[in-house]
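Participant: Fold the following, please.
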Amino acid sequence: MLTAREEESKVFRMILGFALLFVFTDVTAEFGTTPNLKQIVTGRCFEYVALANLNLRYNCEKIWQEFEKAVVRRSPCDVRVKDYQKMFQVITQTLPCGKLLFWSKTRELMHSYVAVTGSFWTLEDTLLGFMFNDLIWCGQQDRERGFDYQSCPKWSTCLNHPVYSLWKQASQNFAMAACGNITVLLNGSIHHAFNKKSFQQDEMRFSAVFSQARYPTPTCSITKVLR
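Facilitator: The predicted structure follows:
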């Protein structure tokens, strides 16, 4: 019989696994730092805080400064999670209880689902997720050269990749913020909708989405998703 603390820890590891699954299953080849990175990141920040009426809570220039300090003048394979610590301190956000949505291999449908229901939050709906979504960055060790706009390593080539490290911490923070009911959206039309080795498992509410053009591979009675 697990204690309440052990149950809570188990559920957290389960949720964190889904958050990390979202990040690491969408890894693609990297190029150089996204052009006009500062303008894009700060512009998104100003847009987000204005639309959400959060002007008094966040300083977009300060967020950028802490982000830049964490990345530039470092090897592109030597940006650790803790290097982003100060940036995360100035971008903390309270998320709604019972409305967090975790997903894997259902990105397009997830966006449509969230748009229609209007009642769920994904990592991309947070301020940090909105600011850095689909962007690439890496620095150069040379003090005067800043970001590398020519070439950044793939995520798989180094453990302390600057993009990997940021999303790893962002995913952990998102999972830690989960409370009440959580929703998980999986692709039910593929054989490996869920990797049972990715994290500890527990009982949770989830939605498996099936393609009308394909026979639904997992079902609620036999699927490995529920095992």
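Participant: only C-alpha atoms for contact and neighbour calcs from this point on.
Facilitator: Fine.
Participant: Could I get the full set of strands for this protein?
Facilitator: 101-104, 183-187, 206-209 (DSSP state E).
Participant: Low-confidence regions, the chain specifically.
Facilitator: Applying pLDDT under 70 to the chain flags residues 1-30, 55-56, 105-107, 109-111, 113-116, 143-144, 188-227.
Participant: hmm, 50 instead?
Facilitator: 1-2, 4-14, 17, 21, 25-29, 197-204, 221-227 (pLDDT under 50).
Participant: got the end-to-end distance for stretch 70-82?
Facilitator: Stretch 70-82 stretches 9 Å from its first residue to its last (C-alpha to C-alpha, to the nearest Å).
Participant: Which positions within it qualify as buried?
Facilitator: Ala70, Val71, Val72, Arg73, Arg74, Ser75, Pro76, Cys77, Asp78, Val79, Arg80, Val81 (16 or more other C-alpha atoms under 10 Å).
Participant: Check stretch 130-141 too.
Facilitator: Neighbour counts over stretch 130-141 (16+ other C-alpha under 10 Å) mark Phe130, Met131, Phe132, Ile136, Trp137, Cys138, Gly139, Gln140, Gln141 as buried.
Participant: Nearest to Thr157 among the residues you listed?
Facilitator: The nearest member of those to Thr157, counting by C-alpha to C-alpha, is Cys138 at 13.2 Å.
Participant: Please report how far the closest one lies from Cys179.
Facilitator: In this view, Cys138 and Cys179 are 34 Å apart by C-alpha to C-alpha.
Participant: what does Gln141 give?
Facilitator: Gln141 is 41 Å from Cys179, by C-alpha to C-alpha.
Participant: what's the farthest-apart pair in the buried residues of stretch 70-82?
Facilitator: Counting by C-alpha to C-alpha, the most remote pair of the buried residues of stretch 70-82 is Arg73 and Val81, 15.9 Å apart.
Participant: Which parts of the protein are helices?
Facilitator: All helices of the chain, identified by DSSP state H, fall at 4-24, 37-51, 60-71, 85-89, 107-117, 127-132, 162-176.
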